[in-house]
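K.L.:
Structure, please.
(chains A, B and C)
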Amino acid sequence: MTSRPSIEVLKKTMRIPQAAFGVVVMVIIVFSAIFAPWITSADPEEMDFDNLLQGFSEEHILGSDQMGRDTLARLLYGARVALMVSLGAVGLGVIIGVPLGLVSVYCRGYIDDIIMRVMDALVVFPSLLIAVGLAAAMGGSLPTVIIAIGIANIPWMARIIRSQGLTIREQDFVAAAEAGGMSHFRIIFKHILPNSIAPVIVQSTLSMGYAVLTEAALGFIGVGIQPPTPTWGNMLLQAYPMLDQQPLLSIVPGLAIFLLVLAFNFVGDALRDVLDPRLKGVIH
Amino acid sequence: MKHMKRTLWTRSLVLLLAAISLFDCGRSADKPDADGVVVEAPSADSGPPSYGGHIRAAYTSEPTSLDPVLGRSGGDTYYWRQMFDNLVDVDRDLNPRPSTSLASSWDISMDPHSITFHLREGVKFHDGTPFNAEAVKFNIERILDPATLATPRPSFAVIDSVDALDELTVRFNLKGPWGAGLNMLADRGGVMSSPTAIKKYGKEYGWNPVGTGPFKLKKFIAGASVNMERNDDYWGKDEEGNPLPYLDELTVNVIKDETVLSSALRAGEIEVAYLPYKDVTAFERDDRFQIEVMEGGRISVVLCFNIDMPPFDNVDLRRAAGYAINAAAMNKAVFFDRAVVADSGMWPTGSLAHNPDVPRPYYDLDEARKYLRAGGKPDGFEFTAVTWNNPALVPSTEVVRAMLKKIGINMEIEVLNVGSATDAFFHTTQYPLYVTQWSRYPEPDWLASLSYKSDGYYNAANLKRPDVDLLVEKGASLYDPADRIKVYAELDALILDEAWFVPILYGTVYATAPHKVRNLDRLLASDAKMDLTRLWLTK
Amino acid sequence: MLQYMIRRLLQIVPVLLIVTLMVFALMLAIPGDPARALVGPGEALDEEQLEIIRKEFNLDKPVLVQYGIWLSKVVRGDFGRSSQYQRPVLDELRTRAWVTLQFGIAAWVLAVVIAVPAGIISAVYRGRALDYIATLISIGGVAIPNFWFGIMAILVFGVYLGWLPAQGYVNIFEDPIEGLRHMILPVFALGITSCALIMRQTRSAMLEVLAQDYVRTARAKGMSEPVVIGVHALRNALLPVVTVFGLQTGRIFAGAVVIETVFGIPGMGNFMVLAIFARDFMVVQGGVLIMALAVLSANLLTDLIYAWLDPRIRYND
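P.N.:
This is a model prediction of the structure:
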């Protein structure tokens, strides 16, 4: 794709109010994650034993947790993790899933069968349990979480590419190219890949939201990225037993997750409408 | 309110008497237990115990087996204890209590080393099988057989063979003196199961337990509850001669979430449970409930060092870490100020070998920096500690990290699950420091042999330490508790001086029940676990 | 049709093999001695006993041999014993799977009961206030973390208002009223995502259908609006509901892991997490097999219902 259509897409997308809202939220979250140390001077790990479980206060704008740590600081540093996980996991899904889908659609036959059965197996196995297993095997760290969520993204990417590819394959120009002696490799790159990009972008944006949700769930059941690194999930885990004493502690990270996922979904939906109206209802 | 005052008053009296009995050297086996007498006081003015009723208790982990010797978790005790009796029973201060034991008396021989038990007459298992010398022999030999996979086996290594001398006399032939023996038999290894049932059920015995205890199994629901009914033929009687137990039915529910525990108590769905620290204050204010307190019920946070692994192969650096921890602040931030700052070693408050006078590291940053300099790392150093995903331990470890940072030590944290963390620290020795919690083991040798001895299962370094080994062996072999206490005091001082295991906080157990539940002061056994068999309900 | 079904059933077999093999590999990747993993904290077994455990669970054999042994037993209906609880795996899983199933079905029914009418109303009153409210809910429902929704529900209905029990599980067959009260919050939390998705799909499917010629014809013939919607539109609008059902079965299992933790429900999700950590091979394998079977059956069922609802679908791929 050249730059002109992509600018065109961006313009069209931003004209949709939800998408504009989503982009603004995303920009704010990315900005505050990057510039966290400039936004708050508080260290997310610094414990203030004189101000435990505070609500809104002068010392701690968004309150403090059980150990007197500043919620705002932890929220901002937690945003870094959320963004890294969503980018990393979706990136992994695309990097592995897209080639698999291409190979599958191009080779057909038993290779297609094998790849698709493995993909089916990955879909069937609850992604959270993959993550738990990986966490047990490798310890709960950023790479573990990215791999665990990324693996769950692979089959969706591969399936999208395959179903797009199957349609395109049947079209005359591919048959013509094949008859004209074009190499398999070139057919894939010249015809199938460019035509599949739109749905992959849409799916990726939506998957990013899902990755944020999964990361939070992993953190909450205690197998995600481990303390002292603050993540929105492990903040909720530590906040939950304090629910009746300091509900603010549970409300704040949850709202942050909600907003970020909402933003990803809005942008994803808008992209879908703009890029490929046919896809409506196809992608979950 | 009036009642609360009275319980408080009684409790202080119990503590006082318990303290007196500690210094009472004549630990004669036949002495009626001091606790028992005092405990009857509150119920005395409300008349004799009434019979009948159903008490529902709850505990946070499910049983791994109802067969005491096959269980692989300390939490199993909450379930099997209600259905079984031990060959030897002990009171909270580890005095053997023949009146509640399956052996009514015993003789200890030093040459050759042996203990001969004279068994109680007329006791029957729940399935009618008579309890006799053959049954004891069967149970002990079952533990000694490695194929059984019984957890008490390592602590029974000193037993050579068991002879049934006649119907009610059984002799344990020993390889050496076994001062820890009676207390070990008061734990799961000394529990007696019906040989008939074991043979009948084979592998399924673990969920079809048959003991001699006050209750027998009625219904077991995996992951949810163990329901028990009164054993009408139970041999035991209370101090007034009334037959035990009082209740018709007993259920121990599994409630894994502590918040759920508290709400179940308030809703009256259960009667007896341990309170989570965050809810203790609320329950103290709630006059529907009585609370029974036991200090030193566990070690809530302990730093276990691998003394053979850098950087903590250097004793001064271990000491520096020990002095850097502000236990009081940790107590406030993680335990709602409900734990107690540790004042001794691995034998917590109220246990036989607890020694509050021992010198040990307390929070003192100057002292910490001094040892850092002595250890040759005045500017601090870096290392990775391991802990496990327990809701109290993870924050505690974060607090440790924050405190070590103050003296320049940068500690990374690896959080694993309990099995992996224990394995990674003690067996594959991947970490120099393990932040964990530890159960209260009333018999001091349990910990000493496992953790301090060179070849102990929980000795990470496995360094040859003849001085330590000698003390451990001596402590286990002495029969006189007073002599043993001296040996363990020496051992305790040595471990703390070398900052090998440094307990930070001792846990306090808060058991609660509504006022209609009586004898709550009999609930907590010497291991701080529940003995529900003496409770009764007011009509 | 029959041929298609047989082929679909045959496809399930390799998928199950791949799933279980993956689980096996994952479990073996967990570092440390699996025999020692059986020893609880503070307890001890000696080397002789550990050796017996390794033999008994075939831990001393090569990985593929271990897998082969497991497979040959499963085929004969023997799922082995839990190493933690020393009981047959099926006994262990039965009660917990039943609990999870109850919540899963309830969540599903709730989602459909709310979402389908809401989606239809939203489509019929397109562009009006009701439509906006429904759309907002469906957008929010997808983005909200279901466990956080559960926590907030506990905060409002359990802690502040005190209308419902915050947490815990009561068997609905022993105490129907309490059981139901304990189910309300977790079922809402578990069902919210599916509910939002179905609402959205129903709305867009309905809009499409309402614009079709035959609906217009029916209206023109003077059929009343409820009849038009009920007879013609609904059948077509149900297609997306069925599609979402297939997709959501797996997600409900995943959701159960977290929701059971929030509400302290002794179900399968929670149990599986603990089993993985305890390296309880047989339980993990058996549990994953059951979950995979459930998801695959749901997918198959989806396709069959789809076929029944829409005879135009061909069975080539």
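
K.L.:
What parts of chain A come near chain B?
P.N.:
For chain A, the contact set with chain B under C-beta under 8 Å from any C-beta of the partner chain comprises A:45-47, A:49, A:52, A:66-68, A:136, A:139-140, A:222-223, A:226-228, A:238, A:241-243, A:245. Using the backbone N, CA and C atoms, a C-beta is placed for each residue, glycine as well.

K.L.:
again, only using 10 Å
P.N.:
A:43, A:45-50, A:52-53, A:65-69, A:135-137, A:139-141, A:221-223, A:225-229, A:234, A:237-238, A:240-245 (C-beta under 10 Å from any C-beta of the partner chain).

K.L.:
Return only those of those residues found close to chain C.
P.N.:
Counting by C-beta under 10 Å from any C-beta, A:135-137, A:139, A:221-223, A:237, A:240, A:243-244 from those sit close to chain C.

K.L.:
As TSV, the residues you listed with secondary structure and neighbour count would be great.
P.N.:
Converted to TSV, those look like this (DSSP: H, G, I helix; E, B strand; the rest coil; neighbours: other C-beta atoms under 10 Å in any protein chain shown):
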residue	secondary structure	neighbour count
A:Ala135	helix	29
A:Ala136	helix	27
A:Ala137	helix	17
A:Gly139	coil	19
A:Ile221	coil	23
A:Gly222	coil	25
A:Val223	coil	30
A:Leu237	helix	23
A:Tyr240	helix	20
A:Leu243	coil	19
A:Asp244	coil	17
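
K.L.:
now, the most widely separated pair of the residues you listed?
P.N.:
Greatest spatial distance in those: A:Ala137 and A:Asp244, 36.1 Å, computed using C-beta to C-beta.

K.L.:
Pull the number of nearby residues for the closest residue in space to A:Val25 that isn't next to it in sequence.
P.N.:
Leaving aside its sequence neighbours, A:Val25 sits nearest to A:Ala263 (C-beta to C-beta, 6 or more residues apart in numbering or on different chains; 3.9 Å). A:Ala263 is flanked by 26 other residues according to other C-beta atoms under 10 Å in any protein chain shown.

K.L.:
same check, this time on the one 4 residues further on
P.N.:
Counted by other C-beta under 10 Å, the residues lying close to A:Val267 total 26.

K.L.:
Same check on C:Val227?
P.N.:
11.

K.L.:
So the residue of the stretch 51-200 of chain A found nearest chain B: helix, strand or coil?
P.N.:
Nearest residue of the stretch 51-200 of chain A to chain B: A:Met67, at 4.5 Å (C-beta to the nearest C-beta). Here A:Met67 is recorded as coil under DSSP: H, G, I helix; E, B strand; the rest coil.

K.L.:
Tell me how far it lies from chain C.
P.N.:
A:Met67 sits 20 Å away from chain C when distances are taken as C-beta to the nearest C-beta, to the nearest Å.

K.L.:
What residues does that residue make contact with?
P.N.:
By C-beta atoms under 10 Å, 6 or more residues apart in numbering or on different chains, the residues touching A:Met67 are A:45-49, A:52-53, A:228, A:238, B:329-330, B:332-334, B:395-396, B:398-399, B:402.

K.L.:
Walking through the stretch 151-300 of chain B, point out its strands one by one.
P.N.:
Using DSSP state E, counting those that start in this stretch, the strands found in the stretch 151-300 of chain B span residues B:159-166, B:169-174, B:215-221, B:225-230, B:249-254, B:273-274, B:289-305.

K.L.:
neighbouring strands for the second one, and are they parallel or not?
P.N.:
Read it as strand B:169-174. Strands that pair with strand B:169-174, judged by DSSP bridges, come out as strand B:113-119 (antiparallel), strand B:159-166 (antiparallel).

K.L.:
Deepest in the core, which of the ones you listed is it.
P.N.:
Ranked by mean neighbour count, these are led by strand B:113-119 with a mean of 20 (mean count of other C-beta atoms under 10 Å in any protein chain shown).

K.L.:
Would you mind writing the CA trace of that strand as PDB?
P.N.:
In PDB, the C-alpha atoms belonging to strand B:113-119 read as follows (Å, rounded to 0.1, in the frame of the first residue of the first chain):
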ATOM      1  CA  HIS B 113      16.600 -48.500  73.100                       C
ATOM      2  CA  SER B 114      12.800 -49.100  73.000                       C
ATOM      3  CA  ILE B 115       9.500 -47.700  74.000                       C
ATOM      4  CA  THR B 116       6.800 -50.100  75.200                       C
ATOM      5  CA  PHE B 117       3.200 -48.900  75.000                       C
ATOM      6  CA  HIS B 118       0.300 -50.300  77.100                       C
ATOM      7  CA  LEU B 119      -2.800 -49.800  75.100                       C
END
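
K.L.:
any idea of the mean pLDDT in that strand?
P.N.:
For strand B:113-119, the mean pLDDT works out to 96.

K.L.:
Can you give me the buried ones in stretch C:302-311?
P.N.:
Neighbour-count burial for stretch C:302-311 flags C:302-303, C:305-307 (criterion: 16 or more other C-beta atoms under 10 Å in any protein chain shown).

K.L.:
in chain B, what spans have low per-residue confidence?
P.N.:
Counting by pLDDT under 70, chain B has low-confidence residues at B:1-46.

K.L.:
With the stretch 101-250 of chain C instead?
P.N.:
Applying pLDDT under 70 to the stretch 101-250 of chain C picks out residues C:231-233, C:235-237, C:240.

K.L.:
Just confirm C:Val258 is within a helix.
P.N.:
Yes: read with three-state DSSP, C:Val258 is one of the residues of a helix.
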